[in-house]
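*Asks:* Here is the input, now give the coordinates:
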Amino acid sequence: QVQLVESGGGLVQAGGSLRLSCAASGRTSSTYNMGWFRQAPGKEREFVAGIRWSGSSTDFADSVKGRFTISRDNAKKTVYLQMNSLKPEDTAVYFCALDLSRGIIRRSPRAYEDWGQGTQVTVSS
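*Replies:* Numbering: from 1, shown residues only. Now for the predicted structure:
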């Protein structure tokens, strides 16, 4: 099993930026696809971004495309989510997750095996 720990959340004004980090320990996370999800109060958990194990391809939800980027440093076992031009509707708890698949990036939360505890992102208007 892999332990995932997110950090970097906080309170930011609309238009601002945050960078989330997800540090992994345990099973070698660098050989698996990783994803970022978010969950706002009263809403279902939704896919935000994903990256293949090699970093060769990424995928983004339409709502964040052009504003967020995802990257990984396999040597550090860390995945990053750079969030720019933040909007109040980006407010949510953000989770990183590991998918044991090494194929295409999957968007369903059910595809992911291991999850972090989440980090709160609040964007004020």
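
*Asks:* give me every residue that touches the spatially most central residue of the chain.
*Replies:* Residue closest to the mean C-alpha point of the chain, counted by CA atoms, centre = their mean, is residue 36 at 2.1 Å. Neighbour list for residue 36: 20, 22, 47-50, 70, 79, 81, 94-97 [criterion: CB atoms under 8 Å, 6 or more residues apart in numbering]. In short, each C-beta sits where N, CA and C put it, glycine included.

*Asks:* Read off the pLDDT value for it.
*Replies:* pLDDT, the model's per-residue confidence, is 98 for residue 36.

*Asks:* Going forward, count from 32.
*Replies:* Got it, first residue is 32 now, which makes that one residue 67.

*Asks:* that older thread, what would the contacts of residue 67 look like in a markdown table with neighbour count, secondary structure and pLDDT?
*Replies:* Formatted as a markdown table, the contacts of residue 67 follow (neighbours: other CB atoms under 10 Å; DSSP: H, G, I helix; E, B strand; the rest coil; pLDDT from 0 to 100):
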| residue | neighbour count | secondary structure | pLDDT |
| --- | --- | --- | --- |
| 51 | 24 | strand | 98 |
| 53 | 27 | strand | 97 |
| 78 | 22 | strand | 98 |
| 79 | 25 | strand | 98 |
| 80 | 26 | strand | 98 |
| 81 | 25 | strand | 98 |
| 101 | 25 | strand | 98 |
| 110 | 29 | strand | 96 |
| 112 | 27 | strand | 98 |
| 125 | 23 | strand | 98 |
| 126 | 23 | strand | 98 |
| 127 | 31 | strand | 98 |
| 128 | 23 | strand | 97 |
